[in-house]
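Student: Provided below for reference: sequence and predicted model.
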Amino acid sequence: MSQHKVVLLLGSNIGDQKNNIDTALNKLSETCTILKKSEYLTSEPVEFASSNIFCNIATIISTHLSPIQLLDYVKKIEIDMGRLTDSTVSKVYTDRIIDIDIVKYGELKFVSERLEIPHNRHLFEREFSRILLKDLFKKTNT
C-alpha cells in the first residue's frame, strides 16, 4: 500500500478549541501518521459572522487512504466529535466544534462534487491558512 503525504487544516471555534483540535489529531493518528504540525493560530471567522474566535492548525500526515476515503474519514471524525452541519452540503458557514479540510494530497489535482484538491481557498485566499502553511513548511522540506 503506498503512502501519500497530505496537508490538512483543522479549526475549531466552539468550546475548548485547542483541545478539540488535539482530539481530532489523536483520532487522525489512529489511521494516519502525523508527520509535522504548525503552531496553533487564533483567527477571526472567515466568510461568516460570529463572536467565537477560531483556533487553527496545519498538519502534514502520511496515509494509505485515497482522497475520498480520507474525506469520509475526516467527516466521520467531525460528526463523532459533534459537528452538526457540513458547509460543503449546506453552503453556509457556521460555528463548529471541529473542521478538517484536505488542502493538498501530494501533487494530485482532483475535483468532485464533494472534494477539490488542492483546496485553493486555503492556499491562496485565506490569510490564516497562508500563515499556518508557511509555518508548517518552514519546519520541513516537504
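Tutor: Yep, it's here.

Student: Please, where are all the helices along this protein?
Tutor: 17-28, 67-80, 87-90, 120, 127-138 (DSSP state H).

Student: where does the chain dip in pLDDT?
Tutor: Within the chain, the stretches with pLDDT under 70 are 1, 48, 85-93, 121-124, 139-142.

Student: try 50
Tutor: 90, 142 (pLDDT under 50).

Student: Dig out what residue 104 forms beta bridges with.
Tutor: For residue 104, the beta-bridge partners are residue 7 (DSSP bridges).

Student: Then residue 111?
Tutor: With DSSP bridges as the rule, residue 111 is bridged to residue 116.

Student: which ones are touching residue 60?
Tutor: Applying Cβ atoms under 8 Å, 6 or more residues apart in numbering, one finds that residue 60 lies in contact with 5-8, 34-36, 136, 140, 142. Bear in mind the C-beta positions are built from the backbone N, C-alpha and C, glycine included.

Student: Just the buried residues of these.
Tutor: Taking 16 or more other Cβ atoms under 10 Å as the criterion, what is buried in the contacts of residue 60 is 5-8, 36, 136.

Student: Closest to residue 65 out of the residues you listed?
Tutor: Using Cβ to Cβ, residue 6 is the member of those that sits closest to residue 65, with 8.6 Å.

Student: Quick check: the gap between the closest one and residue 103.
Tutor: As defined by Cβ to Cβ, to the nearest Å, residue 6 lies at a distance of 8 Å from residue 103.

Student: Quick check, residue 131 in contact with residue 41.
Tutor: Yes. Look at residue 131 against residue 41 with Cβ atoms under 8 Å: they come within range, at 6.0 Å.

Student: anything in contact with each of these two?
Tutor: Counting by Cβ under 8 Å, 6+ apart, nothing touches both residue 131 and residue 41.

Student: what's in contact with stretch 15-31?
Tutor: Under the criterion Cβ under 8 Å, 6+ apart, residues 8, 10-12, 14, 34, 37, 40, 53-57, 59, 61, 63, 65, 73-74, 77-78, 80-81, 97-98, 100 lie in contact with stretch 15-31.
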